[in-house]
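Novice: Pasted the sequence and its predicted model underneath.
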Amino acid sequence: MNDKRRARRYAILSGKGGVGKSMIAANLGALFEAGGQRTLVVDADLGLANLDVILGLYPSHTLHDVLRGACAIEDAILGAPGGFDLLPAGSGLQEGTTLNGPMAESLESLLAELDKRYDALIFDAGAGIGDVVMFFARAAHEILLVVTPEATSLMDAYATIKVLVSRYGKRKFRLIVNQANPSDPDHSGRVVASHLQKVIRKFLTSDIGAPVTIQLAGCVPADPTVARAISHQRLLAQMDP
């Protein structure tokens with residue numbers, strides 16, 4: 001095949017649930033698409049998928065159906081608000097929450113096929129450090145961790161980074177601080193990133209003998225517009241461009 005294009009892959013992770021990861025993944029998809037990149041957002045939370053709900057979409061088929069051979073990729077992909085494509089997953093399904101050999105091989109084949117069709121693949125992975133989350137993190141070129149300024153969110157983010165560093169050799173992470181202080185969100189984000197970097201340097205870098213870097217990718221201020229966007233099943237840009 002002459003088309004050797006490979007999409008840039010981004011894994012959106014969070015150690016803790018409820019930090020706004022899926023909303024950020026959807027809005028990144030719209031941002032990339034607006035910038036001229038053909039973009040697919042993959043709902044990679046195979047047990048508790050919700051991107052279709054957030055976007056007000058009603059899929060007939062999902063990633064689960066593709067993996068078990070019940071439909072083609074094209075049958076499961078939906079056009080989403082914002083112009084990007086969405087590959088939804090099922091919710092409340094035990095199947096797919098644990099990664100086995102055949103499933104990993106099927107996912108790898110699927111991603112290789114999607115690489116040929118898109119410029120950017122965004123994986124909206126589940127929270128925590130389960131094996132499905134780790135699969136998508138390892139498959140990505142860039143890992144973006146979504147955190148809030150809360151201590152529990154930072155603690156869980158550190159735990160996620162520790163696993164990715166110690167088990168899989170990841171060394172670079174980008175941080176998105178959600179629900180940042182609205183009076184000065186950039187400062188709030190820098191404080192969070194600096195604190196996390198100090199903890200990593202003190203407790204993790206010394207153990208592995210190699211640098212681990214955290215780069216602040218952006219901040220989203222605490223804003224009631226976000227709650228309204230979720231309740232209206234719309235993107236932030238549609239609510240407050």
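Specialist: Perfect, thanks for sending it.
Novice: From here on, just use CA atoms for contacts and neighbour counts.
Specialist: OK.
Novice: Where does the prediction get shaky in this protein?
Specialist: By pLDDT under 70, the weakly predicted segments of the chain are 1-5, 92-97, 206, 240-241.
Novice: just the helices in it please.
Specialist: 21-34, 51-54, 63-67, 73-76, 101-115, 131-139, 151-168, 185-200, 206-208, 224-231, 236-239 (DSSP state H).
Novice: which outside residues touch the last one?
Specialist: Residues lying outside helix 236-239 but in contact with it, judged by Cα atoms under 8 Å, 6 or more residues apart in numbering, are Asn27, Thr225, Val226, Arg228, Ala229.
Novice: Which single one of the residues you listed is nearest to Val133?
Specialist: Nearest to Val133 among the contacts of helix 236-239 is Asn27, at 20.3 Å by Cα to Cα.
Novice: Count the neighbours of the closest one for me.
Specialist: Asn27 has 19 neighbouring residues, counting by other Cα atoms under 10 Å.
Novice: got it, and the one 4 residues further on?
Specialist: For Leu31, the tally of surrounding residues (other Cα under 10 Å) stands at 17.
Novice: Equivalent analysis for Gly35, please.
Specialist: Using other Cα under 10 Å, Gly35 has 10 neighbouring residues.
Novice: Could you measure from it over to Ala120?
Specialist: Shown here: Gly35 relative to Ala120, a distance of 11 Å by Cα to Cα, to the nearest Å.
Novice: what's stretch 123-131 in contact with?
Specialist: So stretch 123-131 is in contact with 9-17, 21-22, 25, 41-46, 48, 98-99, 133, 136, 156, 160, 163, going by Cα under 8 Å, 6+ apart.
Novice: which ones are touching His61?
Specialist: Residues in contact with His61 (Cα under 8 Å, 6+ apart) are Cys71, Asp75, Ala76, Pro88.
Novice: Surely the last one and Val42 touch.
Specialist: Same thing as Pro88. Yes - between Pro88 and Val42 there is a contact under Cα atoms under 8 Å: 6.4 Å.
Novice: Buried subset of the contacts of helix 236-239, written for PyMOL?
Specialist: In PyMOL syntax, the buried subset of the contacts of helix 236-239 is picked out as below (16 or more other Cα atoms under 10 Å):
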select buried, resi 27+226+229
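Novice: Taking the contacts of helix 236-239, tell me the two that lie furthest apart.
Specialist: Maximum pairwise distance among these (Cα to Cα): 14.5 Å, between Asn27 and Arg228.
Novice: re earlier: could you dump the helices of the chain into a markdown table and include distance to Ala217?
Specialist: Listed next are those as a markdown table, based on distance: least, Cα to Cα, whole Å:
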| stretch | distance to Ala217 |
| --- | --- |
| helix 21-34 | 12 |
| helix 51-54 | 22 |
| helix 63-67 | 29 |
| helix 73-76 | 31 |
| helix 101-115 | 24 |
| helix 131-139 | 17 |
| helix 151-168 | 15 |
| helix 185-200 | 9 |
| helix 206-208 | 25 |
| helix 224-231 | 19 |
| helix 236-239 | 18 |
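Novice: Nearest to Gly82, out of these?
Specialist: Closest among the helices of the chain, using Cα to Cα: helix 21-34, at 4.6 Å.
Novice: Dump the C-alpha coordinates for the closest one into CSV.
Specialist: Listed next in CSV are the C-alpha coordinates belonging to helix 21-34 (Å, rounded to 0.1, in the frame of the first residue of the first chain):
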residue,chain,number,x,y,z
LYS,A,21,-11.4,14.2,30.8
SER,A,22,-14.1,13.2,28.2
MET,A,23,-15.3,16.8,27.7
ILE,A,24,-11.7,17.9,27.1
ALA,A,25,-11.1,15.0,24.7
ALA,A,26,-14.2,16.0,22.7
ASN,A,27,-13.2,19.7,22.6
LEU,A,28,-9.6,18.8,21.5
GLY,A,29,-11.1,16.8,18.7
ALA,A,30,-13.1,19.8,17.5
LEU,A,31,-10.0,22.0,17.9
PHE,A,32,-7.8,19.7,15.8
GLU,A,33,-10.4,19.4,13.1
ALA,A,34,-10.8,23.1,12.9
